[in-house]
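Asks: Task: produce atomic coordinates for the following.
(one chain, ligands or ions: 3)
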Amino acid sequence: MADVKKYIEEHKDRFIDEIVDLLKIPSVSADPAYKSEVNRCAKHVKQSLIDAGVDFAEICETAGHPIVYGEKIIDPKLPTVLVYGHYDVQPADPIELWTSPPFEPVIKDGYIYARGSADDKGQFYMHVKAFEYMIKTNSLPCNAKFMIEGEEEVGSENLGIFVKANKEKLAADTIVISDTSMISNETPSIAVGLRGLSYMEVEVTGPNRDLHSGLYGGAVGNPINILCNMIASLTDENNHITVKGFYDNVEIVSDEDRAEMAKAPFNQDDYNAELKIKEGFGEKGYSTNERTSIRPTLDVNGIWGGYIGEGAKTVLPSKAYAKISMRLVPGQSSDEITEKFRSHFESIAPDAVRVKVTPHHGGEPFLIPTNFPAYQAASKAMETTFGVTPIPVRGGGSIPITSMFEAELGLKSVLMGFGLATDDIHSPDEHYGIFNYLKGIETIPYFYQYFTEEFGK
Ligand code: BES
Ligand code: MN
Ligand code: MN
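Replies: Ligands and ions are numbered 1, 2, ... in the order given. You can find the predicted model right below:
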């Protein structure tokens, strides 16, 4: 493995050119207008696996976007690493806030700017290039499988079906995913947890049509006013969530574990300054890091209705809408919380309106213990290349398929991500550090080596 740095040095310009090419494909999974681009991206990913040296690769069609699968089996007696990633990206909106166009990658000050650069093209492609290195230098120590999907950003529903139907094809000894972030480049970390998700759209209907707000206002329930009141009542003065039974099964993290987590470096003033906020906000009794990791939350993601065009229109709208999500922690289940939300939300609606709650995709929380062989291998690999032992931290985001993998394949996923919280994933000007990209390529071969050794014990 001593020559991995040399290999990267010799090939880094090409590695960067290749990720730039991949980032030029607008593989937005949420928007049907990009369907052919998503398909083109799948073909591109398949070809990249072939070029890197898999002995078999295919595009697996689903009811939605295709899954790219590839494998290199060197010896069935050796362990198998399954790499999971996603080639789909979030929509680029609001596009006018990007400094350069989202699908015309720009390299500036050591970062690659483009939609998907950190989430997740730049991250899964590190695995393809690390694999290329191991093939070219004859140092792949075990079998490798790749499953790169095109629907992560829309809930991975068809991947769930695919996994259930292809357990044998996907048989492996561990799953490795690079789709999370680290504390910083100086303080690497590995995610040992992810939050689950429950997401719904609510529709509040008042009168059967938009009304003149002078003729009817004051006497007929305004669905926007009412929706705002209902939303405001979902949290109390301590920012606890009031949905009945919401905290029933929440796993309480011990004071010892909380003290351990509090050791991770963090500066609230820097955090505030970076976000241009005066102070943090959240559940009473918990720190910023706890609020985004071990505690469940409720957020309105969007709210609309009535007149939002130029100027003023006096109208009492017929309908109001909101998209509401809840991040879940161990102990909570997505379906259970969705049901609790639905009945709570219906129960707080005044008779002046009708409400409709429509659930979207969800996902379960995920945890991996640090004594798992794959965690240990990832930790040692990062220690080798960063020079410091990575800190285990719980991530606030969600990768719903991790709990599916556990249930269906009996495998925990190790979340060896190389991004940073400041990469602006899902936001305008998403970027990924060239340092992070190359560091990932350097680290991954060690992961394979240590996992194979660890596994043989
Ligand atoms: N890669 C992210 C999840 C993530 C990012 C986890 C950083 C931890 C740290 C993933 O692509 C994502 O955006 N997931 C969605 C959920 C999905 C169902 C749309 C999320 O967390 O909102
Ligand atoms: Mn992702
Ligand atoms: Mn994402």
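Asks: and the closest residue to ligand 2 within the stretch 201-350 of the chain, bridged to which residues?
Replies: Proximity of the stretch 201-350 of the chain to ligand 2 (Cβ to the ion) peaks at residue 327, 15.2 Å away. All C-beta atoms are positioned from the backbone trio N, CA, C, and that covers glycine. Under the criterion DSSP bridges, residue 327 forms beta bridges with residue 197, residue 297.
Asks: Settle this for me: it is touching residue 297, isn't it.
Replies: Yes. Using Cβ atoms under 8 Å, residue 327 makes contact with residue 297 at a distance of 4.7 Å.
Asks: which one of those two has more residues nearby?
Replies: Each of residue 327 and residue 297 has its neighbours counted (other Cβ atoms under 10 Å); residue 327 has more, 23 against 18.
Asks: and that one, what does it touch?
Replies: Residue 327 sits next to 195, 196, 197, 296, 297, 299, 396, 398 when contact means Cβ atoms under 8 Å, 6 or more residues apart in numbering.
Asks: What of residue 333?
Replies: For residue 333, the contact set (Cβ under 8 Å, 6+ apart) comprises 196, 249, 364.
Asks: what does this structure put close to ligand 2?
Replies: Residues of the chain that fall close to ligand 2, judged by Cβ under 5 Å from the ion: 119, 120, 179.
Asks: Run through these and flag the ones next to ligand 1.
Replies: The overlap between those and the neighbours of ligand 1 (Cβ under 6 Å from any ligand atom) comes to 119, 120, 179.
Asks: all strands of the stretch 251-400 of the chain, in order?
Replies: Assigned by DSSP state E, counting those that start in this stretch, the strands in the stretch 251-400 of the chain fall at 297-305, 315-316, 319-328, 354-359, 366-367, 391-394.
Asks: likewise the stretch 1-150 of the chain?
Replies: Here the stretch 1-150 of the chain has its strands, by DSSP E, counting those that start in this stretch, at 56-60, 67-72, 80-86, 106-108, 111-113, 143-149.
Asks: avg pLDDT for the last one?
Replies: When pLDDT is averaged over strand 143-149, the result is 98.
Asks: got the domain boundaries for the chain?
Replies: Here the domain assignment for the chain is 4-194+365-455, 196-250+296-362, based on automatic domain parsing.
Asks: Tell me which of those sits most buried.
Replies: A comparison of these by mean neighbour count, using mean count of other Cβ atoms under 10 Å, puts domain 4-194+365-455 on top with a mean of 20.
Asks: Please list the outside residues in contact with stretch 274-293.
Replies: 193, 195, 238-240, 253, 258, 261-262, 264, 266, 268, 271-272, 294-295, 297, 393-396, 422.
Asks: go with 6 Å
Replies: Under the criterion Cβ atoms under 6 Å, 6 or more residues apart in numbering, residues 238, 239, 266, 295, 394, 396 lie in contact with stretch 274-293.
Asks: which residue packs closest to the closest residue to ligand 1 within the chain, ignoring adjacent ones?
Replies: As assessed by Cβ to the nearest ligand atom, ligand 1 sits closest to residue 397 within the chain, at 2.6 Å. Nearest non-adjacent residue to residue 397, counting by Cβ to Cβ, 6 or more residues apart in numbering: residue 194, 6.3 Å away.
Asks: Touching, the one you found and residue 395? I think so.
Replies: Yes. At 5.1 Å, residue 194 counts as touching residue 395 under the criterion of Cβ atoms under 6 Å.
Asks: And residue 15, how far from residue 133?
Replies: Applying Cβ to Cβ, to the nearest Å, the value for residue 15 to residue 133 is 10 Å.
Asks: hmm, back to that, may I ask which two of the contacts of residue 327 are separated the most?
Replies: In these, two members sit farther apart than any others by Cβ to Cβ. They are 196 and 299, at 14.1 Å.
Asks: what does the stretch 1-150 of the chain have sitting close to ligand 1?
Replies: The stretch 1-150 of the chain comes close to ligand 1 at residues 119, 120, as judged by Cβ under 6 Å from any ligand atom.
Asks: which residue ranges form the helices in the stretch 1-150 of the chain?
Replies: Taking DSSP state H, counting those that start in this stretch as the test, the helices found in the stretch 1-150 of the chain are 4-23, 35-52, 121-136.
Asks: Quick one: mean pLDDT over the second one.
Replies: Meaning helix 35-52. Confidence over helix 35-52 (mean pLDDT, whole number) is 98.
Asks: Now do that helix: distance to the chain's middle.
Replies: How far helix 35-52 lies from its chain's middle: 21 Å, per Cα atoms, centre = their mean, to the nearest Å.
Asks: Mind listing residues that contact it?
Replies: Helix 35-52 is contacted by residues 25-27, 57, 59, 65-66, 68, 70, 87, 128, 131-132, 146, 148, 150 when judged by Cβ under 6 Å, 6+ apart.
Asks: Going by distance to residue 418, which of those wins?
Replies: The shortest approach to residue 418 among these belongs to residue 128, at 14.1 Å (Cβ to Cβ).
Asks: List the contacts of the closest one.
Replies: Residues near residue 128 by Cβ under 6 Å, 6+ apart: 48, 52.
Asks: how about a cut-off of 8 Å?
Replies: Counting by Cβ under 8 Å, 6+ apart, residue 128 touches 48, 49, 52, 146.
Asks: now swap in residue 79 and tell me
Replies: 142, 143, 173, 174, 451, 452, 455, 456.
Asks: what are the phi and psi angles of it?
Replies: Phi and psi for residue 79, reported as degrees, to the nearest 10, are phi -60, psi 160.
Asks: Do I have it right that residue 157 meets residue 149?
Replies: No. If you go by Cβ under 8 Å, residue 157 and residue 149 don't touch, sitting 10.5 Å apart.
Asks: pLDDT at residue 457, what is it?
Replies: pLDDT recorded at residue 457 is 73.
Asks: Likewise for residue 140?
Replies: Note on residue 140: pLDDT of 98.
Asks: Spatially, what comes nearest to it if we skip its sequence neighbours?
Replies: residue 134 (3.9 Å).
Asks: separation between the one you found and residue 450?
Replies: From residue 134 across to residue 450, the span is 13 Å (Cβ to Cβ).
Asks: Could you do residue 211 as well?
Replies: Per Cβ to Cβ, residue 211 is found 67 Å from residue 450.
Asks: Close to ligand 1: what parts of the stretch 151-300 of the chain are there?
Replies: Applying Cβ under 6 Å from any ligand atom, one finds that the stretch 151-300 of the chain approaches ligand 1 through 152, 153, 155, 179, 180, 181, 194, 197.
Asks: let's see 8 Å
Replies: Selection of the stretch 151-300 of the chain residues close to ligand 1 by Cβ under 8 Å from any ligand atom yields 152-156, 179-181, 191, 194-195, 197, 199.
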